[in-house]
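Engineer: Okay, sequence plus prediction incoming.
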Amino acid sequence: MITLYSQYFNRNISRRLGRRINKSKAEKYSDDKLLSILKEMHFNYEVRDCRYPRVPYMESKMFIVDGNVKKATLLKIIEKRL
């Protein structure tokens with residue numbers, strides 16, 4: 001099970017605060033795009049409202065993905081498809 005936070009793709013925050021993809025790719029991000037990418041990859045997932053631990057004052061979404069792929073690999077695939 002892999003946990004992805006929308007903070008990983010937020011272009012308005014620094015890498016220190018949680019962004020994990022390239023800033024230019026993060027400009028194209030939206031929650032709908034991420035959901036469509038996960039559907040295309042045929043992953044089962046669940047979406048929850050939450051707060052990212054490094055930035056607890058900002059609301060976020062948590063995507064719990066069920067798949068046997070490493071988190072870093074999944075992030076790279078998502079970054080390429082944005």
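Structural biologist: Nice, thanks for sending it over. These figures come from a predicted structure and were not determined experimentally. Numbering: from 1, shown residues only.
Engineer: The nearest residue in space to Ile78 that is not next to it in sequence: neighbour count?
Structural biologist: Closest residue in space to Ile78, ignoring its immediate chain neighbours: Ile37 at 5.6 Å, by C-beta to C-beta, 6 or more residues apart in numbering. C-betas here are computed from N, CA, C, even on glycine. Burial of Ile37 is recorded as 16 neighbouring residues (other C-beta atoms under 10 Å).
Engineer: helices or strands next to the helix or strand that contains Ile37 in the packing?
Structural biologist: Remark: Ile37 resides in helix 31-40, with elements defined by DSSP states H and E. Under the contact definition 3 or more C-beta pairs under 8 Å, 6 or more residues apart in numbering; DSSP states H and E, helix 31-40 sits against strand 44-51, strand 59-66, helix 71-81.
Engineer: Make TSV out of the ones you listed and add distance to Lys33.
Structural biologist: Output for the helices and strands packed on helix 31-40, formatted as TSV (distance: least, C-beta to C-beta, whole Å):
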stretch	distance to Lys33
strand 44-51	13
strand 59-66	12
helix 71-81	8
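Engineer: Out of these, which is closest to Arg20?
Structural biologist: Judged by C-beta to C-beta, the one of the helices and strands packed on helix 31-40 that comes nearest to Arg20 is helix 71-81, at 5.6 Å.
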